[in-house]
Each structure stands twice: as structure tokens, then as C-alpha cells.
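# Predicted model, plus sequence, below.
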Amino acid sequence: MNRLSGALLVLVLATGCADPTSAQGSRHNAINLHLYQKPKRFSPLDPPSGPDQQVMTLIFDNLLTVDDSYAYAPRLAERWDLADGRITFHLRRGLKWSDGTPFTSKDVLFTYRLLADVRSGSAMAGKLAGAAFEAPDDTTFVIRPASRNVGFLSLIAGPFAFILPEHVLGGEPVDRIAGHPFFNRPTVGLGPYTFVRYQTDQYVELAANPHYRKPIAIPRIFLKPVSSDVATAQLGTGEMDLVQVSPTDLRAVAGLSGVTVSARPSPGFIRMAVDQSDPRFADPRIRRAMLHAIDRATLVAKLLDGRGRVQNSSFVTPWALPGTLDEYAYDPAKARSLLAEAGWRASETVTLSWIPGQRDRDVAATVVQGALGAAGMTVELKQVQAAELLESYERRTFDLALFGGGSYAVDPSSSLTIVNCAAFYPAGANISNFCDRSLDALTARADALTDRRRRARLYREAASMDNAQVPYLWLYNPDTLWATSSRLRGVKPSGDFTTGFWNADEWTLAD
């Protein structure tokens with residue numbers, strides 16, 4: 001969820017930077033987009049990071065993505081077939097990389113072999129483990145998953161598995177490719193825009209890709225990593241054109257002239273990872289107690305102004321959820337009782353880490369601290385930047401980590417990346433190191449079926465198991481709110497902030 005800006009020196013309120021468009025071009029041919037956090041670098045091999053993914057959706061492309069209605073949409077592949085346990089992608093013909101080099105299935109084959117190879121440091125290696133890949137001709141690419149999995153498309157649809165240029169990276173040894181400087185300055189891509197520069201912590205500058213498959217109407221984009229309140233202020237002054245709005249700013253934004261606000265239900269959710277490799281958190285009663293201690297309904301009502309829902313499962317796809325789940329209603333007395341039963345020691349101190357800058361999360365962190373404190377758990381707050389938080393995931397040096405996102409609505413199998421035993425970070429997105437092999441077996445059975453009703457029955461059972469185990473401290477599923485200036489046309493807002501720019505190739509500027 002994210003931040004960025006500029007072309008020459010964008011005026012970032014609170015930092016005093018000058019407007020980049022004033023030196024490199026007119027505001028008449030450029031737009032400024034809000035990134036909710038600072039990006040690190042731009043590599044499809046890295047563990048998913050919201051701002052990095054947002055930028056990559058503009059400079060790279062993938063076989064397919066998920067559109068604003070949570071349906072699969074073709075990208076580099078114009079269509080695909082599922083038969084006999086394999087997926088055959090039929091690629092668009094005549095495409096070129098941004099440097100003019102022809103694109104073929106060999107680039108896709110190179111990318112997927114790289115993504116599946118643990119030696120590359122790929123965070124997708126767990127998703128693709130055991131899969132086989134073929135490129136029988138220049139416009140056909142075939143994936144044979146290790147086991148029959150009708151939900152496999154959800155694991156690779158955007159903003160994941162961006163295709164990389166073999167002619168640029170193909171000569172690099174696999175075990176060294178993760179450190180290649182290309183991922184700091186990815187100047188060759190298939191997306192609607194090409195990378196120009198990243199002025200660290202100020203803006204990412206992109207230019208229209210002259211070799212894209214259709215004309216691009218807006219010559220330049222500046223992505224600005226600023227906090228939500230600064231982005232909202234810049235929207236009001238006309239310096240920002242597309243902002244992911246915090247619910248806490250919704251009423252103020254709604255009063256701005258020339259601004260359109262759109263809301264979409266999120267395919268992900270805000271949660272706290274609990275490091276279950278730490279024996280202190282291994283007992284599910286500890287995690288249940290923490291949920292009971294937090295008044296999540298009031299968070300939604302007051303913090304989100306009612307624009308969201310309490311989340312009680314790691315699964316989001318509506319047809320995969322049972323009619324009833326334990327709602328872990330706010331009950332401080334029960335929280336204290338469960339902590340006592342599980343032997344929690346009041347002298348223990350727990351650290352809650354999060355990346356500051358989004359007002360709802362900033363406030364939620366403070367609310368959680370007070371709620372857990374009232375239940376007998378001492379919590380210290382720790383603001384971190386993205387690189388530090390990701391490093392703490394890998395080194396298992398965090399206790400609780402507040403974060404959010406994910407695209408789990410299109411198919412329930414997409415949630416397996418956060419709960420599967422084989423998906424421990426960084427090989428996957430299972431940050432909590434939660435593992436229930438019976439849950440894995442149940443979902444594997446479900447994904448081997450093609451009958452939607454039979455899959456639904458098994459996934460509803462899986463959601464109930466997940467609900468009882470509490471692999472994460474689910475907080476809420478917020479509506480994703482976008483505010484668009486009147487000069488930017490054609491935006492189709494998505495509930496998934498990481499794919500919020502999914503149709504940028506259709507955007508135009510008002511005359």
C-alpha cells in the first residue's frame with residue numbers, strides 16, 4: 001500500500017522538496033500517484049512488498065492479472081486452457097520489450113524457471129515447487145503443477161510472477177542473480193511505462209513505453225511515497241492525482257471539489273503476524289486471548305468509519321467461508337482467563353512492529369497496545385521501515401507485526417501462501433510460521449477437485465480449522481478507498497491496493 005512522486009523535485013508538504021514536474025516537464029503531460037510506503041527495489045524474486053509491487057505493475061507485465069471485479073484478466077497471455085492437470089498459455093503475438101527486443105515464450109520460460117529455483121532467492125519458489133515448464137513454440141507456454149490444482153492461477157496472477165527479460169538477465173548465474181543491479185534500475189520491461197529513476201524516498205519517475213502493445217496517453221508518471229495525510233493534502237492542492245485514502249481522511253476528501261472517491265471491498269485484510277516459532281506464542285489459547293482482548297468491531301466502526309468488516313479467517317473468497325465462525329467477540333475477562341490457562345507470565349514484554357504512515361494502522365497499533373495491556377500483556381510499540389520489518393520476518397526477531405494486504409478473493413487457494421507449512425517466509429508469505437499439516441492435506445484435496453461445490457465444502461471445513469487455530473490476529477477487512485482528481489480519466493479502482501494501477505494503459509488526461 002504506498003508512496004512516491006516526481007520528475008524533477010516534487011513539492012512534498014512537510015519535507016520541502018520542489019515539484020519534479022516543474023523542471024522536467026509540464027503538469028499537463030504528467031500525473032502524480034500516491035505510494036503508501038517507500039519502495040525498496042523492483043524484483044519479482046523478492047518477498048511481496050506493497051509499494052514495490054505497485055511500481056512493478058507499471059514497468060513489468062505478467063501472464064494474467066486480477067481485475068477490479070476479482071476476475072482473471074489477460075495480460076501477456078491472451079487466453080489459457082486447463083486440461084489434464086496442465087495450464088497452456090497462448091501468448092500475444094508481436095510484442096516487444098521496451099528496448100525493442102522481441103518478446104517470446106523463452107522469456108516466460110526463463111522467468112518461471114528462475115522463480116521456481118530456490119538458488120535464486122525467489123520468494124515464489126514454494127508456490128512453484130515441483131512444477132514443470134515448457135515453451136513448445138514462441139507463443140505458447142505450459143505449466144504442469146506438481147499436483148492437480150485448479151486454484152493454481154491465483155498463485156501467479158498479478159501482482160506476482162512478472163516476466164523478466166532473458167536477453168538482459170539470462171547470462172547471470174542463478175545463485176547471484178538476486179543481487180543484480182537491474183532490480184534497482186529495471187530499465188527494460190513489458191509494462192505500459194519504463195523506469196527512469198528512483199529519487200530515493202522522494203519519487204519514482206516513469207515514462208510511457210514506446211513499444212507497448214498499444215499507445216499510452218499519459219507521457220509521464222511520478223509515484224510519491226508520502227504519508228496518507230500528506231497525500232490527502234496534496235490532493236486538495238492539485239499536486240496529487242490518485243490517492244489511496246485512509247478512512248480517517250474520508251470525510252475531508254469527500255468535501256474536496258473536483259475529486260471523485262471510489263470504494264471497493266478489499267481482497268485482503270489487516271492483521272498481526274504472531275511469531276509461532278517463539279514458544280511463548282505456540283499455544284493457540286494465547287492467540288485466541290489476544291483476539292478477545294481487542295475490540296475489533298469498534299475499530300471498524302470508529303477507526304474505519306464503518307467502511308470495513310471484522311475478519312475472522314485467513315480465507316476471503318465468499319464461497320469458501322462457512323456460515324458461522326467463532327467471532328472472538330470483545331471480552332477482556334475471557335482474554336485474561338485464557339492467558340492464565342495457558343500460563344502467560346505477566347512479566348513478559350511483547351514488541352509490536354509496524355511501518356508508520358497510514359493513519360488507520362498507526363491508530364490501530366496504539367489501540368492494540370492498550371487492549372492487550374488491559375488483558376495482562378505488556379506491549380511495546382516499535383516503528384520500523386519496510387526493509388527492517390522484512391529482515392525481522394526472515395531472522396524471526398519480531399513478536400507481533402502489524403501489516404495488511406493480499407489478494408485472496410479470486411480463489412481460496414491464494415490464501416494458502418500465508419498459512420501453508422511449505423510457505424514459511426521468505427520462501428512464501430507465511431510470516432507467522434504457522435503449520436497445521438492436516439489443514440494442508442485438506443486444502444490439497446480441495447484443490448485436486450474441479451467440482452466447485454465439493455471444493456467449497458472442503459474449504460469451509462478448512463476455514464473452520466484455520467479460525468480455531470488463529471494463525472494470525474485478524475483485525476479487519478477495510479474497504480479500499482481511492483480518490484481521483486478530475487484531470488485523470490479512466491481509472492478503474494481495485495480493492496487490492498497493490499493492483500490499483502492495473503489498467504493504467506487505459507488512463508487519459510482531461511483536456
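Everything's here; your move. Numbering: from 1, shown residues only.

# Who is the closest residue to Ala254 other than its chain neighbours paired with across the strands?
Of all residues not flanking Ala254 in the chain, Val261 sits nearest, at 5.8 Å (C-beta to C-beta, 6 or more residues apart in numbering). Using the backbone N, CA and C atoms, a C-beta is placed for each residue, glycine as well. For Val261, the beta-bridge partners are Ala483 (DSSP bridges).

# Val261: neighbouring residues, count only.
Using other C-beta atoms under 10 Å, Val261 has 15 other residues around it.

# how many other residues sit next to Ser257?
Ser257, neighbours per other C-beta under 10 Å, totals 6.

# Can you classify it by secondary structure?
coil (DSSP: H, G, I helix; E, B strand; the rest coil).

# residue boundaries of the strands in the stretch 51-200 of the chain?
64-66, 72-74, 77-83, 86-91, 132-137, 140-144, 193-199 (DSSP state E, counting those that start in this stretch).

# between those strands, which gets nearest to Phe162?
strand 64-66 (10.3 Å; C-beta to C-beta).

# circling back to that earlier point, contact partners for the residue nearest to Ala254?
245, 250, 253-254, 481-484 (C-beta atoms under 8 Å, 6 or more residues apart in numbering).

# Could you rerun that using 10 Å?
243, 245, 250, 253-254, 481-484, 493 (C-beta atoms under 10 Å, 6 or more residues apart in numbering).

# how close does it get to Ser486?
12 Å (C-beta to C-beta, to the nearest Å).

# Neighbours of Glu341, how many?
By other C-beta under 10 Å, the residues close to Glu341 number 12.

# tally of neighbours for the closest residue in space to it that isn't next to it in sequence?
Leaving aside its chain neighbours, Glu341 sits nearest to Arg285 (5.9 Å; criterion: C-beta to C-beta, 6+ apart). Here the number of neighbours of Arg285 (other C-beta under 10 Å) works out to 16.

# and the helix or strand containing Arg285, what other elements does it pack with?
Assessed by DSSP states H and E, Arg285 sits inside helix 284-293. Applying 3 or more C-beta pairs under 10 Å, 6 or more residues apart in numbering; DSSP states H and E, one finds that helix 284-293 contacts strand 269-274, helix 332-341, helix 359-374, helix 452-469, strand 472-485.

# Ok, which of the ones you listed comes nearest Leu325?
With C-beta to C-beta, the closest approach to Leu325 among the helices and strands packed on helix 284-293 belongs to helix 452-469: 4.5 Å.

# Report the buried residues of the closest one.
Using 16 or more other C-beta atoms under 10 Å as the test for burial, helix 452-469 gives 455-456, 458-464, 466-467, 469.

# mean confidence for it?
Averaging pLDDT along helix 452-469 yields 97.

# Toward the C-terminus, what is the element adjacent to the helix or strand bottoming out on mean pLDDT in the chain?
The weakest-scoring helix or strand in the chain, judged by mean pLDDT, DSSP states H and E, is helix 21-24 (a mean of 44). Per DSSP H and E, the first helix or strand lying C-terminal to helix 21-24 is strand 30-35.

# Tell me what angle that following strand forms with strand 472-485.
Going by axes from the mean of the first three to the mean of the last three C-alpha atoms, to 10 degrees, strand 30-35 is angled at 160 degrees with respect to strand 472-485.

# Could you list the low-confidence segments of this protein?
Residue ranges of the chain with pLDDT under 70: 1-27.

# Which residue ranges make up each domain of it?
According to automatic domain parsing, the chain comprises the domains 21-58+191-258+486-509, 64-169, 269-478.

# could you dump the buried residues of helix 452-469 to CSV with distance to Asp138?
As requested, these are exported to CSV (distance: C-beta to C-beta, whole Å):
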residue, distance to Asp138
Arg455, 35
Ala456, 39
Leu458, 39
Tyr459, 38
Arg460, 43
Glu461, 44
Ala462, 40
Ala463, 42
Ser464, 47
Asp466, 43
Asn467, 47
Gln469, 47
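
# Now flag whichever of those is closest to Gly179.
Closest to Gly179, out of all of the buried residues of helix 452-469 and judged by C-beta to C-beta, is Asp466, at 36.3 Å.

# contacting residues for that closest one?
Contacts of Asp466 (C-beta under 10 Å, 6+ apart): 312-315, 325, 415, 418-419, 434, 436, 439, 443, 459, 472, 474.
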